[in-house]
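Engineer: Quick one, what's the 3D model for this:
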Amino acid sequence: MKTSSHKIIEDIISIDIKPLIILSGYMGSISHGTHIPKENGIDDKDVMGIMVLPEQYYFGLSQKDCIDRFVGEWDIVMYEVKKFISLLLNANPNVLGLLWLPENLYVHKDEYGQAFIENRKMFLTKKCYASFCGYAYSQLHRMTHLAFKGYMGEKRKNLVLQHGYDTKNAAHLIRLLRMGIEALVEGELHVFRHDAEQLKSIKRGEWTLEQVKTEAERLFRAMETAYVNSKLPDAPDKEKAEKLLCEIIRSNLAKK
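Structural biologist: Numbering: from 1, shown residues only. Now for the predicted structure:
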């Protein structure tokens, strides 16, 4: 029996897209265990997925690399499989996370989506250092820049004004650094956070700006040490990744 959330997602995703999806799951704060419902917080509900498009997108002139739909509190993005694997090869923290979800957070998974999960460690390399640090620095800048963006609701703006920094960016900053260190040291990506309650306390503004900056400075140093000592390969095996990609596209199109 499908949950009400699954039904909402199916209603948002148009009927012509559904047969193309090989893997999808809850992302963002839901996947991290840090979701604070809208009535009490500022979180959206994120879903990400991978699509294998019809053959004209691979042999013809048609082009499309993602479909992004934002309806109410739901933000749903579906990446074309070639686009998705290109992001994986660059150790994009967001797309990597889709392959490391707890089983109960997958919305849809077929044999091709499972193949991605079984080969996920192929994409976990020392490139995580640059990607996770890069995203963290971006959150650090946005945290204190105090530039109100169009996507920020009144509740989030009020939190920024109240605390003098963007608490949501601060929680992302600390989470990204901790996840990057774990990946480099353990060779595992812990998407669902053991420190979720602490991250939620940061999001609620229960840490001072100085506390956030001090912890971030410590984690940036720890990330550098983790990178130097990491046993992960320097970069992913592109030939192996391309073979996986071709097998998934070829088999999927043949099946259809």
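
Engineer: for Ile92, what are its contacts?
Structural biologist: If you look again at residue 92, you'll see it is Asn, not Ile. Ser131 (CB atoms under 8 Å, 6 or more residues apart in numbering). In this view, the C-beta of every residue, glycine as well, is placed from N, C-alpha and C.

Engineer: Quick check on it: phi, psi?
Structural biologist: Backbone torsions for Asn92, taken as degrees, to the nearest 10, come to phi -60, psi 120.

Engineer: can you pull out the strands in this structure?
Structural biologist: Using DSSP state E, the strands assigned to the chain run over residues 21-27, 45-51, 66-71, 74-80, 106-109.

Engineer: Relative to Glu224, which of these is closest?
Structural biologist: Closest approach to Glu224 among those (CB to CB): strand 21-27, 27.4 Å.

Engineer: tell me what that closest one is packed against?
Structural biologist: strand 45-51, helix 93-98, strand 106-109, helix 111-118 (3 or more CB pairs under 8 Å, 6 or more residues apart in numbering; DSSP states H and E).

Engineer: Centre of the chain to that strand, how far?
Structural biologist: Distance of strand 21-27 from the chain centroid (CA atoms, centre = their mean, to the nearest Å) equals 11 Å.

Engineer: Run through who's touching that strand.
Structural biologist: Here strand 21-27 has contacts from 5, 9, 13, 31, 45-52, 78, 81, 94, 97-98, 101, 105-110, 112-114, 116-117, 248, 252, using CB under 8 Å, 6+ apart.

Engineer: now swap in stretch 71-81 and tell me
Structural biologist: 8-9, 12-13, 17, 20-22, 24, 28, 38, 43-53, 57, 64-70, 87, 95, 245, 248-249.

Engineer: One more: stretch 209-227?
Structural biologist: 126, 129, 132-133, 136, 140, 143-144, 163-165, 170, 173-174, 177-178, 180-181, 184-185, 202, 207.

Engineer: PyMOL command to pick out the buried ones of the residues you listed?
Structural biologist: Provided next is the PyMOL selection string for whichever of the contacts of stretch 209-227 are buried by 16 or more other CB atoms under 10 Å:
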select buried, resi 126+129+132+133+136+140+143+163+165+170+173+174+177+178+180+181+184+185+202+207
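
Engineer: Domain-wise, how is the protein divided?
Structural biologist: Split into domains by automatic domain parsing, the chain comes to 4-123, 127-229.

Engineer: so which of those domains comes closest to Lys256?
Structural biologist: domain 4-123 (7.8 Å).

Engineer: pLDDT on the closest one, on average?
Structural biologist: Domain 4-123 shows a mean pLDDT of 88.

Engineer: Quick check: phi and psi on the spatially closest residue to Ser131 that is not a sequence neighbour?
Structural biologist: In space, Ser131 comes closest to Ala91 once its chain neighbours are excluded; the distance is 4.1 Å by CB to CB, 6 or more residues apart in numbering. For Ala91, the backbone dihedrals are phi 60, psi 40 (criterion: degrees, to the nearest 10).

Engineer: picking that back up, make JSON lines out of the helices and strands packed on strand 21-27 and add distance to Arg156.
Structural biologist: Conversion of these to JSON lines gives the following (distance: least, CB to CB, whole Å):
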{"stretch": "strand 45-51", "distance to Arg156": "15"}
{"stretch": "helix 93-98", "distance to Arg156": "20"}
{"stretch": "strand 106-109", "distance to Arg156": "26"}
{"stretch": "helix 111-118", "distance to Arg156": "33"}
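
Engineer: closest one to Val228 among these?
Structural biologist: Taking these one by one with CB to CB, helix 93-98 is closest: 20.1 Å.

Engineer: Off-centre distance for the closest one?
Structural biologist: 4 Å.

Engineer: Now do the buried residues in it.
Structural biologist: 93, 95-98.

Engineer: Ok, stretch 201-211 next?
Structural biologist: Under the neighbour-count criterion of 16+ other CB under 10 Å, stretch 201-211 has 202-205, 207 buried.
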